[in-house]
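Structure, please.
(one chain, ligands or ions: 1)
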Amino acid sequence: MNLPKDFLDEMQSLLNDDYEKYINTTDNEPFRGISVNRIKTTPEKLLPLLPFDVQKSPFYDDGYYIPSDVQGIGNLPLHHSGAFYVQEPSAMSAVELLDVQKGDQVLDLCAAPGGKTSQIASKLCGTGLIWSNEVVKNRANILLSNFERMGIANGVVSSCYPEVLCERLSGFFDKVLVDAPCSGEGMFRKNPDAVSEWSREHVISCANRQLSILNSAAECVKPGGTLVYSTCTFSYEENEGVIKAFLSDNPDFEMGDTGAHFGRKTELPCAVRITPIESGEGHFAAKLLRKGESTTILPSYLPNRDRKNNGLYQTAEQLLSDIYTELPDGILTIVKEKAYLLPKCLPDINGLGVIRSGVLVGEFRKNRIEPSHALFMSSKPSSLKRVLDLTANDTRVSEFLKGLEIDCDSENGYTAVAYCGIIIGFGKCSNRRLKNKYPKGLRI
Ligand code: SAM
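Numbers count the residues shown, from 1 in each chain. Below you'll find the predicted structure:
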């Protein structure tokens, strides 16, 4: 690979004796990986079902390397089910440093397409709150699609400027992740276009933007909370340089202990760098702590049931009791023609570019409600009245994913469709045939 001389000079001064080792990796195949989604499954259940071998990653508890020549992974039924997320292995390291605990309120500030959000949600496993923000609107829609595929119910997806979001949600989050836009030096093997876009000027402008995003993020971290900064670049200016400038601007923050047993040490004890020498494409992650005692801030968004919508509430409740044996968590709310189940610890979301809060239950059409794909994707099979569970070699799996009608032996009504016990969508069963409700945009 032909790399810019200025970049190579920087790598030489960053890696010293290891520089030659790095150069010897530049023409190798990029590392690829998956992270397991515990909302849907466990590694013990998932790994034997995969049609390729995997190897445990050192960067994340539920991360695995996959062979570099795996083709068509996005078309696998297990991918459609949200059982795993395809992610570069070293990119998983930042969430390891974030140390998410069940019940945490977590912000992923630069979240699209959603790899790290998926890891955070898997760690929360339905508890607490995951707020995923992406400033670029069309990327926020991709984030939402992944959010739904992974079956995340306890979350918010927004498209808002970091400074607006973080000021309004001041001191709200236990954990905040800033996976900042960067010059992408760790993407060179995967995406050669990143090489042609690289320049010294670009590195400096990225560093300025990163510091500004990180300064905004600081505001919404609770006292006693954690802020993790990460990039997929090697550059000193965009990494150590940003952290040092941030700490000098924000004396209420201090360096945390990475706790990392992977990657390369940096001059900062709170940060770790991963290069292809350490078997990752390239990542930097730093852990910062906000000084002070943790305080609990009560959520301020408690939607009132509007009495003029009583009929709509009853229709939505009827739908839920028709689908579930055990009703899902969440506060049923109706906004315009849609019903949602909102997470219990939600702050005031107005004016924050929210494109989804909680789970979309369904959309009202005249006097009835049409359930949503997202509602079934976030449901546990054991909580549902009707599930058509298809085995790995059942031809109905690909027919269903193509949007075709299939045979169904359940009783009449809305029925979840599962692949090896993991829900992939739903349909409406009538006289032993399932009318397919798999969304058109997701069909194979
Ligand atoms: N965390 C994501 C994941 O794991 O899938 C990847 C995030 S990517 C490295 C950085 C994101 O920051 C991009 O989606 C980009 O659109 C967004 N971004 C670009 N400019 C930004 C800005 N000024 N403020 C906040 N985010 C920005």
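
Convert the C-alpha atoms of stretch 10-29 to PDB, please.
What follows is stretch 10-29, C-alpha atoms only, in PDB (Å, rounded to 0.1, in the frame of the first residue of the first chain):
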ATOM      1  CA  GLU A  10       4.400  10.300  12.200                       C
ATOM      2  CA  MET A  11       4.100   6.500  12.600                       C
ATOM      3  CA  GLN A  12       7.900   6.300  12.900                       C
ATOM      4  CA  SER A  13       7.900   8.700  15.800                       C
ATOM      5  CA  LEU A  14       4.900   7.100  17.400                       C
ATOM      6  CA  LEU A  15       6.100   3.500  17.200                       C
ATOM      7  CA  ASN A  16       9.900   3.800  17.300                       C
ATOM      8  CA  ASP A  17      11.300   0.300  17.300                       C
ATOM      9  CA  ASP A  18       8.000  -1.200  16.200                       C
ATOM     10  CA  TYR A  19       7.800   0.800  13.100                       C
ATOM     11  CA  GLU A  20       9.100  -1.900  10.800                       C
ATOM     12  CA  LYS A  21       6.600  -4.400  12.300                       C
ATOM     13  CA  TYR A  22       3.800  -2.000  11.400                       C
ATOM     14  CA  ILE A  23       5.100  -1.500   7.800                       C
ATOM     15  CA  ASN A  24       5.000  -5.300   7.400                       C
ATOM     16  CA  THR A  25       1.300  -5.400   8.200                       C
ATOM     17  CA  THR A  26       0.100  -2.700   5.700                       C
ATOM     18  CA  ASP A  27      -0.500  -5.100   2.900                       C
ATOM     19  CA  ASN A  28      -2.200  -7.800   5.000                       C
ATOM     20  CA  GLU A  29      -6.000  -8.500   4.900                       C
END
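
Could you list the buried residues of it?
Glu10, Met11, Leu14, Leu15, Tyr22 (16 or more other CB atoms under 10 Å). Just so you know, the C-beta spots here come from the backbone N, C-alpha and C atoms, and that holds for glycine as well.

One more: stretch 166-177?
Cys166, Arg168, Leu169, Phe172, Phe173, Asp174, Lys175, Val176, Leu177.

just stretch 273-289 next, same as before
In terms of neighbour count (16+ other CB under 10 Å), stretch 273-289 has its buried residues at 273-276, 278-289.

of all those residues, which two lie farthest apart?
Maximum pairwise distance in the buried residues of stretch 273-289, criterion CB to CB, is 30.1 Å, between Pro276 and Leu289.

how about Ile142, what does it touch?
By CB atoms under 8 Å, 6 or more residues apart in numbering, Ile142 lies in contact with Ala112, Pro113, Gly114.

For the second one, which three-state class applies?
Using DSSP: H, G, I helix; E, B strand; the rest coil, the three-state assignment for Pro113 comes out as coil.

May I have the residues that are in contact with it?
Applying CB under 8 Å, 6+ apart, we find Pro113 in contact with Arg139, Ile142, Leu143, Asn146.

Could you tell me the phi and psi values at Asn133?
phi -120, psi 140 (degrees, to the nearest 10).

neighbours of it, just the number please.
If you count neighbours by other CB atoms under 10 Å, Asn133 ends up with 26.

try the one 10 residues further on
Here the number of neighbours of Leu143 (other CB under 10 Å) works out to 25.

Can you tell me the SS state at it?
Following three-state DSSP, Leu143 is assigned to helix.

which residues sit in contact with the closest residue to it other than its chain neighbours?
Of all residues not flanking Leu143 in the chain, Ala112 sits nearest, at 4.1 Å (CB to CB, 6 or more residues apart in numbering). Applying CB under 8 Å, 6+ apart, we find Ala112 in contact with Glu134, Val136, Arg139, Ala140, Ile142, Leu143.

tell me which of the residues you listed is nearest to Lys40?
In terms of CB to CB, no member of the contacts of Ala112 lies closer to Lys40 than Leu143, at 17.9 Å.
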